[in-house]
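Trainee: following is a predicted model, sequence given first.
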Protein chains: 2
Amino acid sequence: MKNYISHDEWCIVENGFHPENNEITESLMSLGNGRMGQRGNFEERYTGKTLLGNYVAGVYFPDKTRVGWWKNGYPNYFAKVLNACNWVGIDVQIGDEMLDLGKCQIDEFRRVLNMKEGVLERTVKVTLSGGRQLSIHTKRFCSMADDESGAISYSLVPLNFSAECIITPFLDGNIRNRDSNYDESFWNEIAKESGDHAGYLTLETKENPYGVEQFRVTTGMKFEIKINGEPTQLESQTFTSEKYVSGSIKCTLKESDNLTIYKYAVNLSSANYAADELLPSAKTYIDRISEKGFDQMYAEHVQVWADKWAKNDIVIEGNVAAQQGIRFNIFHLGQTYTGEDERLNIGPKGFTGEKYGGGTYWDTEAYCIPFYLATAEHKVARNLLVYRHKHLQKAIENAEKLGFSDGAALYPMVTMNGEECHNEWEITFEEIHRNGAIAYAIYDYTRYTGDQSYLSEYGLEVLIGISRFWKQRITWSTDRNKYVMLGVTGPNEYENNVNNNWYTNYIAFWTLRYTLENVSRLWAEDTQALNEVIHKTGLKLNKELGEWKHIVESMYFPYDENRKVFLQQQGFLDKELLTVDDISDHRPINQKWSWDRILRSCFIKQADVLQGLYFFEDEFDSETVRRNFAFYEPMTVHESSLSPCVHAILAAGIGLKEKAYEMYVRTARLDLDDYNNDTQDGLHITSMAGTWMSIVKGFAGQRVKDGVLVLNPYVPEQWNAYSFRIGFRGSWLKISVKKREVIIENTSETALKLLVKGREIAVGSLETVVV
Amino acid sequence: MKNYISHDEWCIVENGFHPENNEITESLMSLGNGRMGQRGNFEERYTGKTLLGNYVAGVYFPDKTRVGWWKNGYPNYFAKVLNACNWVGIDVQIGDEMLDLGKCQIDEFRRVLNMKEGVLERTVKVTLSGGRQLSIHTKRFCSMADDESGAISYSLVPLNFSAECIITPFLDGNIRNRDSNYDESFWNEIAKESGDHAGYLTLETKENPYGVEQFRVTTGMKFEIKINGEPTQLESQTFTSEKYVSGSIKCTLKESDNLTIYKYAVNLSSANYAADELLPSAKTYIDRISEKGFDQMYAEHVQVWADKWAKNDIVIEGNVAAQQGIRFNIFHLGQTYTGEDERLNIGPKGFTGEKYGGGTYWDTEAYCIPFYLATAEHKVARNLLVYRHKHLQKAIENAEKLGFSDGAALYPMVTMNGEECHNEWEITFEEIHRNGAIAYAIYDYTRYTGDQSYLSEYGLEVLIGISRFWKQRITWSTDRNKYVMLGVTGPNEYENNVNNNWYTNYIAFWTLRYTLENVSRLWAEDTQALNEVIHKTGLKLNKELGEWKHIVESMYFPYDENRKVFLQQQGFLDKELLTVDDISDHRPINQKWSWDRILRSCFIKQADVLQGLYFFEDEFDSETVRRNFAFYEPMTVHESSLSPCVHAILAAGIGLKEKAYEMYVRTARLDLDDYNNDTQDGLHITSMAGTWMSIVKGFAGQRVKDGVLVLNPYVPEQWNAYSFRIGFRGSWLKISVKKREVIIENTSETALKLLVKGREIAVGSLETVVV
């Protein structure tokens, strides 16, 4: 736990420099716009602790797999989001001294991420050698309006001296991923160009033996300098070296002069431009934004954020820390994925670090989709589904590599391009419940939006591939006279290679049933659409549906008759059943215990049976939820960032308000307070959606039942009130929950009927109703 | 399967050069003497496929662990036997041409490992450039009499030309382990010295951050040259470079002249000499052997082999391939471990390659000890037990690293110095049955030798440490009202992280019972010895023995009431029960199936339940063995070299003679015929003891019951007769098994009573009895 970030409703504030926490602050203050991302690094040189991070969405490199002992089926590479050209760099030389906050005396320091406007500002006063005092003010954003660009305003004022200054904005491609398996550089220089007040650098990912696309990225910069608000006509001296372009401006600053450099940058990738178009496009792009100018760019950028906040803000009254926490989560989700491009997805760290390779996990389907469904246009969540549809063929090939056939699809544990990247057998090959989450997301989307078209156009194909996988992965146990699923790892990764994990068995059973239902529905409602799906997938109606039906009828679910709880897996009761309170000195067990000790303990990393009860709560009565929650939660150590939110929602649903709030607190300020001691690696982006869910689905009890929006809101004791905004089938609502009333404000022109605490409420166009 | 090695009763013969198989031949023709080992490399330069291999017993390096994903508890390094200074090298230059069998035309080639005498010979005729024909004859051995030395005789005859020749014997320490994790060199040069006809090179293993001892090895050489049998007085030209020393002799050879160089070499290690004594000792040593001369050294070496063969030879009549196979196995076992030094052990590849790091596995206890018990003085097996006793403290520390306490000992999966080296969680932390094998070996030794002194002096301490581990590793299942053992990997490594593996549960139960028995026995027979053990171990008689007794009384063993077979592990019957015949196209599954598919299949890598029935056959009736064999063997793919021998012994015991022979064949010529396509990496040394057991314990039914040697021999149909030699409690017997009779020849002066086919037989001193 760290407490150096000041509490503020809209800003993340570092008051006074904390060099020991600098990598944490850099993560917290990352900026992005869905196309690119940038950690909160300093523009000027810094010799202290720092992880320089610049990421371009969709640009990755297949890093050769590193293992101790090879297992058949391992993928040859781990595709990693690439740390790319540094476009924010500005070297500042005052007289003979290079400005470096790692070396000079810092008199004042304030770094602020303003989440309302999506801007990072820094105000610093330093004393250089000879007692020379310098004031610095910077402002930087990744434009949400022009989403392949960013801009910086960087001002210097010598407070008590005059000196010659050299200002050197640069582009630097000499960057390595910190997590490179073999400490290799992944970039080659293709071209560079420098001109007056401008520079361009084109890098390409290195050749690889895996047939993975090579990406080119052209980074361009343009800059202008004003002294005391007046543009200067000073010429820039260009300098280039391997993967490096800069332009220096030399000038003499007098005491109190204000020098401001405006640096504009673009990052264009070959994912979006033909290779020979990159450089000319970069030039056109940068001319366009630099002509617009910093203030105009900024105004347009802020407007996009204003529109976003109008759809997704949550206001908490009576608790600044909670307010800051939830906005922090919403802000990062908003700048990580904008839903514009169905080739993109949400890495566990977004654009804030490189851990976990920046690939796509089941986190997207299980945690992020509900957030985007409720806070953005439908196409945003739809594009996340289309992303998986585009990978269907690769998922079929992944399954084939493991011995499956006939169109069975296993989506990867981690992927960039649809191919599996992960290489731990117990996860890569066995944590197959992820396949179920991808099916569930189709259901979730359809249930929320009421839009059946996705299912017939894309979804059913995916469901059929996944169902075929389950069919082959499930085996008949003669001994048990039931279908079983052997050798899996459930969501609780503190158990590996278990038989009949209840959650995995259930989600497989559910997928088969849901696929059967949808085939039947299309059969009745849209034969032509069904025929197209049959044509594309080669589905054998009699044979395959019959087999699936038989599994649905005879699937085995481990259950304890005494306690009347589902068993996380067969044999769970052989364990010594302790509670987390029994091992308080031993936590976190993932740091204090050997792996085997973790595995044979009863302790649970994250919701497993409870994840299933959360997904499928309509299929279980609340007594069942209560019993299972009472059995499993006390054994759960929540050592995954994805765990507390599910427990918060379930606890709220069964009236355990204290527990719900405790779980909410664990998720809401996870990164801000560096709860798990790992924020320096980047933020837990995907779990941020869980925090949002803890409020909206937890405290506010938001559900969709039979096509109707349902709310069962209450205000946690620790707050006075809260409000949130969601969209539902064309309406946009602001819902204010107070201790004694709920105010539903329809900010859209679409009327809506909903159920609030069991009462049917109609809210007309632009109307407000108090319940 | 490869068939290029000619069948011969005493020799391994490569007729005609097979460069494509050269690394295999090098493995097969490895030489050793317990202190050092040398692959069958050529002396002269060779640019073809080769794995140069020189190993010095007990000299290793801690290579930094390489994993994909770190798990708590992994060791920091993997200690690896070191590929050391090449002492056999002799460069031969004829005129301008460097002799290289990879480049010149080979007219005749014969490489022979004579196992009777332990010598490698090579007869080659080549045509060099210009049609110059050269004949080469070499002879090399690692002296069993002077076990830190080796000698080479290398002869050249120009058949149709005269030329100036340069002969350059050298020592070369520029050697890397092929399996180095990060492709690093592990040796530093400390000193080198060259003189007339001699050279010395002292290397030291590099510094390491793990506190592991650095080893120094001084390699010395001396050489003499005879032309046509006459010593020459030619001076040698010395040359040295980094980690390299050589001496060249230049002379003119006329047609038909015979030039023979005798190269003597020693390898002294700091494990046996003070660092400053290495060089002087090497000089004294090499002076001594070179004065003795090649022929005398050779004669003494051959005498040691003659004595060995007199104790351990097996003669098979009517099947040359089988005869060659068994002698090949006995030969390599004999030269890998001589039992002189209790700090040494038997690596899976002996001195024939570097795979598996050359560390000690449970193979030693489970497979090798019975061989050495029966074919060598008791001290040989005793030293293997003492090796583990010396590591007891490290085993306690290993267990502590995983969270155990109070003197619980977990012996490592792989080790050099007692510390764990392996790094796969499912094996390192979970394949803990190895601990039981170490306890079992104490029982095996005591049963065979009748010598109780090892138990009270050393063994009981080890048993107590292991029992304490089992006590802590076993947990009470309230649900089952029994003790269970969760999260283990049994001998069948095609299942991981299972609960209640029958074999592991049984060997744990057995260890506890055996420890209790021995405490009681000492209590009655030798209180003072017991008190010493109690003093050393801090054993709490009431508490600890009481706990162990409770486990012995209430241990859970999975069992199928229908089939009346033990279950390999809880849940085994959930699997689809197929037989190996069902998947004939898919074998070997370890190459053709993904790891998860292997894990969830019923297929078994090596004896698991059956390993237990083999160890503890006295505790089960033969119907039980028969039922379990009939259930498990058809599912067993025998993809471990250690599997067939156990099945051969069990099959022979229950009268399945065809199956027993089939299993014998799989083990006997495993390396000679390169059955598993991996002989190039080195030989399967530890499984060779299993081959010996297949005959002696299998076909001959050798057991020890109540202190009496028992034989139940038969002759496999495919053979006419066979004989073997074993020692038992001071007697040495030659046992000849013929179709209709068994001849017992007591070659020692100690009389013996034994049971042959149920009949009590007395064989007096130097007497022969026909049964």
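Mentor: Sure, I can see it. Numbers count the residues shown, from 1 in each chain, chains lettered A, B, ... in the order given.

Trainee: what does the stretch 501-650 of chain A put close to chain B?
Mentor: A:570-571, A:573-577, A:590-600 (CB under 8 Å from any CB of the partner chain). Every C-beta, even on glycine, is put in place using the N, C-alpha and C of the backbone.

Trainee: now list the buried members of the residues you listed.
Mentor: A:570-571, A:573-575, A:577, A:590, A:593-600 (16 or more other CB atoms under 10 Å in any protein chain shown).

Trainee: in helices, which of those residues appear?
Mentor: Judged by DSSP state H, those include A:590, A:595, A:596, A:597, A:598, A:599, A:600 as members of helices.

Trainee: need the pLDDT of the first one.
Mentor: Read it as residue A:590. Per-residue confidence (pLDDT) for residue A:590: 93.

Trainee: residue contacts, it?
Mentor: Listed by CB atoms under 8 Å, 6 or more residues apart in numbering or on different chains, the contact set of residue A:590 reads A:598, A:605, A:639, B:72.

Trainee: OK, contacts around the last one?
Mentor: Residues touching residue B:72, when contacts are defined by CB under 8 Å, 6+ apart, comprise A:590, A:591, A:592, A:593, A:594, A:595, A:598.

Trainee: before we move on, what about the first one?
Mentor: For residue A:598, the contact set (CB under 8 Å, 6+ apart) comprises A:494, A:589, A:590, B:72.

Trainee: between these, which is closest to residue A:313?
Mentor: For the contacts of residue A:598, the residue nearest residue A:313 by CB to CB is residue A:590; the value is 34.7 Å.

Trainee: about what we covered before: helices - which of the contacts of residue A:590 land there?
Mentor: Residues of those located in helices (DSSP H): residue A:598.

Trainee: need the residues of the stretch 51-200 of chain A near chain B, please.
Mentor: Residues of the stretch 51-200 of chain A lying near chain B (CB under 8 Å from any CB): A:65, A:66, A:67, A:68, A:69, A:71, A:72, A:73.

Trainee: now the buried members of these.
Mentor: A:65, A:67, A:68, A:71, A:72, A:73.

Trainee: nearest residue to the last one in space, ignoring adjacent ones along the chain?
Mentor: Right, the one you point to is residue A:73. residue B:594 (3.3 Å; CB to CB, 6 or more residues apart in numbering or on different chains).

Trainee: the one you found contacts residue A:429, doesn't it?
Mentor: Yes. Counting by CB atoms under 8 Å, residue A:429 is a contact partner of residue B:594 at 6.3 Å.

Trainee: intersection of neighbour lists for those two?
Mentor: Joint contacts of residue B:594 and residue A:429 (CB under 8 Å, 6+ apart) are A:71, A:73, A:402.

Trainee: mind putting the residues you listed in TSV, pLDDT and distance to residue B:489 included?
Mentor: Shown next, in TSV, are these (pLDDT from 0 to 100; distance: CB to CB, whole Å):
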residue	pLDDT	distance to residue B:489
A:71	94	14
A:73	95	19
A:402	97	21
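
Trainee: ok so, going back, tell me the two of the contacts of residue A:590 that are most distant?
Mentor: Between all members of the contacts of residue A:590, the farthest pair (by CB to CB) comes out as A:605 and B:72, at 13.4 Å.

Trainee: let me know how buried the residue of the stretch 101-250 of chain A found nearest chain B is, in neighbour terms.
Mentor: The stretch 101-250 of chain A approaches chain B most closely through residue A:181 (8.3 Å), counting by CB to the nearest CB. Using other CB atoms under 10 Å in any protein chain shown, residue A:181 has 16 neighbouring residues.

Trainee: contact partners for it?
Mentor: A:63, A:64, A:65, A:66, A:78.

Trainee: switch the cut-off to 10 Å
Mentor: A:63, A:64, A:65, A:66, A:67, A:77, A:78, A:80, B:66, B:68 (CB atoms under 10 Å, 6 or more residues apart in numbering or on different chains).

Trainee: surely residue A:586 touches residue A:593?
Mentor: Yes. Contact criterion CB atoms under 10 Å: residue A:586 and residue A:593 qualify, at 6.5 Å.

Trainee: give me the common contacts of the two.
Mentor: With CB under 10 Å, 6+ apart as the test, residue A:586 and residue A:593 both reach A:601, A:603, B:403.

Trainee: contact partners for the second one?
Mentor: Spelled out, that is residue A:603. So residue A:603 contacts A:492, A:494-495, A:575, A:578-580, A:582-583, A:586-587, A:589-590, A:593, A:597, A:635-637, A:639 (CB under 10 Å, 6+ apart).

Trainee: thinking again about what came up before, which neighbours do residue A:605 and residue B:72 share?
Mentor: A:589, A:590, A:598.

Trainee: ok, the nearest residue to the first one once chain neighbours are set aside to residue B:430 distance?
Mentor: Put plainly, it is residue A:589. Excluding the flanking residues, the one nearest residue A:589 by CB to CB, 6+ apart is residue A:598, at 5.5 Å. Going from residue A:598 to residue B:430 by CB to CB, to the nearest Å gives 12 Å.

Trainee: now do residue A:569
Mentor: Relative to residue B:430, and taking CB to CB, residue A:569 is found at 17 Å.

Trainee: could you do residue A:615 as well?
Mentor: Distance from residue A:615 to residue B:430, by CB to CB: 32 Å.

Trainee: comparing those two, which residue is more hemmed in?
Mentor: Using other CB under 10 Å as the criterion, residue A:615 and residue B:430 rank with residue B:430 on top: 24 against 21.

Trainee: count the residues that sit near residue A:580.
Mentor: Other residues close to residue A:580 by other CB under 10 Å number 18.

Trainee: now swap in residue A:281 and tell me
Mentor: 18.

Trainee: next: residue A:279.
Mentor: 20.

Trainee: are stretch A:340-357 and chain B in contact anywhere?
Mentor: No. Counting by CB under 10 Å from any CB of the partner chain, chain B is not contacted by stretch A:340-357; separation bottoms out at 11.1 Å.

Trainee: just the buried residues of that stretch, please?
Mentor: For stretch A:340-357, by 16+ other CB under 10 Å, it's A:341-342, A:344-357.

Trainee: pull it out as PDB, backbone CA atoms only.
Mentor: What follows is stretch A:340-357, C-alpha atoms only, in PDB (Å, rounded to 0.1, in the frame of the first residue of the first chain):
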ATOM      1  CA  GLU A 340     -13.300   2.100 -33.400                       C
ATOM      2  CA  ASP A 341     -11.300  -0.800 -34.700                       C
ATOM      3  CA  GLU A 342     -12.400  -4.400 -34.400                       C
ATOM      4  CA  ARG A 343      -8.800  -5.600 -34.800                       C
ATOM      5  CA  LEU A 344      -7.900  -4.200 -31.500                       C
ATOM      6  CA  ASN A 345      -8.600  -5.400 -28.000                       C
ATOM      7  CA  ILE A 346      -7.700  -4.700 -24.400                       C
ATOM      8  CA  GLY A 347      -4.500  -5.900 -22.900                       C
ATOM      9  CA  PRO A 348      -4.300  -6.600 -19.200                       C
ATOM     10  CA  LYS A 349      -2.100  -3.500 -18.800                       C
ATOM     11  CA  GLY A 350      -3.600  -1.500 -21.700                       C
ATOM     12  CA  PHE A 351      -0.900   1.000 -22.900                       C
ATOM     13  CA  THR A 352       0.600   1.400 -19.400                       C
ATOM     14  CA  GLY A 353       3.200  -1.300 -19.400                       C
ATOM     15  CA  GLU A 354       4.400  -4.300 -21.200                       C
ATOM     16  CA  LYS A 355       3.700  -7.100 -18.700                       C
ATOM     17  CA  TYR A 356       1.600 -10.000 -19.900                       C
ATOM     18  CA  GLY A 357       2.600  -9.000 -23.400                       C
END
